[in-house]
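K.L.:
I would like the atomic coordinates for the input below:
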Amino acid sequence: MKVLQERSLAPFHTFGIEVAAEHIIVAESAQDLVMIWRDEKYRSLPKMVVGQGSNILFCEDYAGVIVLNRILGVEITETSDAYQLHVGAGEDWHQLVRSTVANNMPGLENLALIPGCVGSSPIQNIGAYGVELKDVCQYVDVIELESGEQSRISAADCQFGYRDSVFKHALKNTHAIVAVGLRLSKDWQPNTSYGPLAKLNAEDVTPQTIFDEVCRIRQSKLPDPNVSGNAGSFFKNPVVEPNLRDKLLAQHPGMPSYAMADGSYKLAAGWLIDQCNLKGYRQGGAKVHEQQALVLVNHHHATAQDVLALARHIVSTVKQHFGVSLEHEVRFMNAHQETTLAEVQS
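P.N.:
Coordinates of the predicted model:
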């Protein structure tokens, strides 16, 4: 456990907005997490575990303890039909993907260049190009922060949904993720069904080819947070009922939509925002990215209020044009706890 002397959170979240925390502490083990929660100095303060801060907007200074999860380690067990990976929550997700592909353990290549730590991946059930974490997750190891009790949650009990899991609900404030178990089947089948990957020849495509193409696509469309602060996809792709999808499709024949297992349809939030001519739109130092309307960037010393104002404008404009309510994928944090755009507005 290492207590940092600095209070600025700018280096610890990818939006890079100048906000502060009362305390910033690095946890390198599950035991560190328990010690922090039991320390009398911090007991009465709000606490939040953060990986790389790649999906967070701090709406104001945090009046508590930011705990940086830096639990490392990758253990690999090989069976006759799969590679089993036990990965520390603080490991970098993209570097894990790169390493598995380079070492002939494919299965994660569609998820390349998603920012963040491994421990954050089950919370959002991260996904891209037709693959979600739930497709490869076996279990998630957690620790109950008050008692220090560690347990293993099977993938079936993680309640994975679209950008959703039990870690955003029942276990949200009581448990921290310390490791994730992944199963990569040796019977690898390429997934090139989604979007730009469909142009690849499924007969001879390799995991490295898919990895390289996903990286190329993401780098061409998405801004580097080290250059322009951002938290990736700011809004979820909305899921709508068939009647609304059919009505919108009649009005906009080119509108992308994707059938869901329950009969509903997922729409492309970026397309909806783009159709409202909001690419490049600014509020103070915050801006809608010119190449990808789903991304809001810290264009020029943006404040949290700039980003919030921009998000409000986008939500209201899309609602007015399409009758669709956008929900933010990025987690909003106020001084004490997680909040929402609607709560911040009120």
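K.L.:
Does K287 belong to a helix, a strand or coil?
P.N.:
Here K287 is recorded as strand under DSSP: H, G, I helix; E, B strand; the rest coil.
K.L.:
ok but I114 is inside a strand, no?
P.N.:
No - read with three-state DSSP, I114 is coil and lies in no strand.
K.L.:
Please name the residues that touch it.
P.N.:
93-94, 97, 121, 126, 128, 232 (CB atoms under 8 Å, 6 or more residues apart in numbering). Bear in mind the C-beta positions are built from the backbone N, C-alpha and C, glycine included.
K.L.:
And the strands in the stretch 1-150 of the chain?
P.N.:
2-4, 21-27, 47-50, 56-58, 62-69, 74-78, 82-88, 127-128, 131-132, 137-144, 150-154 (DSSP state E, counting those that start in this stretch).
K.L.:
Neighbouring strands - and their directions - for the next helix or strand after the last one?
P.N.:
Sequence-wise, the next helix or strand downstream of strand 150-154 (DSSP states H and E) is strand 175-185. Strand 175-185 pairs in its sheet with strand 82-88 (antiparallel), strand 137-144 (antiparallel), by DSSP bridges.
K.L.:
So for strand 175-185, mean pLDDT?
P.N.:
For strand 175-185, mean pLDDT rounds to 98.
K.L.:
elements contacting whichever helix or strand comes after it?
P.N.:
Remark: after strand 175-185, the chain's next helix or strand is helix 207-221, criterion DSSP H and E. Where contact means 3 or more CB pairs under 8 Å, 6 or more residues apart in numbering; DSSP states H and E, helix 207-221 is packed against helix 93-102.
K.L.:
Could you pull out the buried residues of the helix it packs on?
P.N.:
93-94, 96-101 (16 or more other CB atoms under 10 Å).
K.L.:
just those now: which is nearest H289?
P.N.:
Taking CB to CB as the measure, H289 lies nearest H94 of the buried residues of helix 93-102, at 19.6 Å.
K.L.:
Was I right to think that closest one contacts E109?
P.N.:
No - judged on CB atoms under 8 Å, H94 makes no contact with E109 at a distance of 11.2 Å.
K.L.:
which neighbours do these two share?
P.N.:
Shared contacts of H94 and E109, defined by CB under 8 Å, 6+ apart, are absent.
K.L.:
Which of the contacts of I114 sits closest to D164?
P.N.:
Distance to D164 across the contacts of I114 (CB to CB) is lowest for I126, with 11.2 Å.
K.L.:
And that closest one, how far from V288?
P.N.:
23 Å (CB to CB, to the nearest Å).
K.L.:
out of these two, which sits in the more crowded spot?
P.N.:
Neighbour count, other CB atoms under 10 Å: between I126 and V288, V288 has more, with 27 against 20.
K.L.:
Please confirm that V315 is located within a strand.
P.N.:
No - counting by three-state DSSP, V315 is not found in a strand; it is helix.
K.L.:
in stretch 210-228, what counts as buried?
P.N.:
Buried positions in stretch 210-228, judged by neighbour count with 16+ other CB under 10 Å: 210-211, 213-215, 217-218, 222-223, 225, 228.
K.L.:
Please identify the deepest-packed of the strands of the stretch 1-150 of the chain.
P.N.:
Of all the strands of the stretch 1-150 of the chain, strand 56-58 has the most neighbours on average by mean count of other CB atoms under 10 Å, namely a mean of 25.
K.L.:
That strand pairs with which strands?
P.N.:
According to DSSP bridges, strand 56-58 has these partners: strand 331-333 (parallel).
K.L.:
tell me the mean pLDDT over the strand it pairs with?
P.N.:
95.
K.L.:
start to end distance for stretch 43-57?
P.N.:
24 Å (CA to CA, to the nearest Å).
K.L.:
repeat for stretch 281-299
P.N.:
End-to-end distance (CA to CA), stretch 281-299: 11 Å.
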